[in-house]
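[1] Here is my input, please return the structure:
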Amino acid sequence: MSKKRKLPLVYKPLGFLLGWSSGALAGLAFRKAWKAIRHEDNAPDALDRDRGWGEILVAAAVQGAIFAAVRSAADRTGAKAIERSTGVWPAEDRGGRD
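    Here you go, the predicted model:
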């Protein structure tokens, strides 16, 4: 098996760790952003009876955007670190996220 084929398997644990930590970081960033936007400690949840559709959907959109940006930054940083240290890009193909 060539170095290029083994690398995506080796990268998987690192990718998992980066994904988990970026999710935690994104959650913290969202809570801080929501507090700055609405001056509230708790963002609305889909099951909050006292919150309207607009507020719930805006909170979900902000949360999704922050999560996607933080996850992409973490994934890209990890991939670039692997490439710098091994000379091989960790992804098997040039396709997008599943």
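[2] which residue packs closest to residue 78, ignoring adjacent ones?
    What sits nearest to residue 78 in space, not counting adjacent residues and going by Cβ to Cβ, 6 or more residues apart in numbering, is residue 18, at 4.7 Å. Just so you know, the C-beta spots here come from the backbone N, C-alpha and C atoms, and that holds for glycine as well.
[3] Mind picking out the helix or strand in the chain with the poorest mean pLDDT?
    Lowest on mean pLDDT, DSSP states H and E among the helices and strands of the chain sits helix 3-38, with a mean of 83.
[4] Name the residues of that helix that are buried.
    Of all the residues in helix 3-38, those buried under the rule 16 or more other Cβ atoms under 10 Å are 7-8, 11, 15, 18, 22, 25-26, 29-30, 33-34.
[5] How far does that helix sit from its chain's centre?
    5 Å (Cα atoms, centre = their mean, to the nearest Å).
[6] for stretch 81-89, same thing?
    The answer for stretch 81-89 is 21 Å, by Cα atoms, centre = their mean.
[7] Stretch 46-55 too?
    With Cα atoms, centre = their mean, you get 25 Å for stretch 46-55.
[8] Next, the buried residues of it.
    In stretch 46-55, no residue is buried by neighbour count (16+ other Cβ under 10 Å).
[9] Same check on stretch 61-71?
    Those would be 62-63, 66-67, 70-71, for stretch 61-71 by 16+ other Cβ under 10 Å.
[10] Just name the closest of those residues to residue 43, please.
    If you rank the buried residues of stretch 61-71 by distance to residue 43 using Cβ to Cβ, residue 63 comes first, at 7.1 Å.
[11] tell me which element the closest one is part of?
    Secondary structure from DSSP states H and E places residue 63 in helix 53-86.
[12] and that helix with helix 3-38, angle?
    150 degrees (axes from the mean of the first three to the mean of the last three Cα atoms, to 10 degrees).
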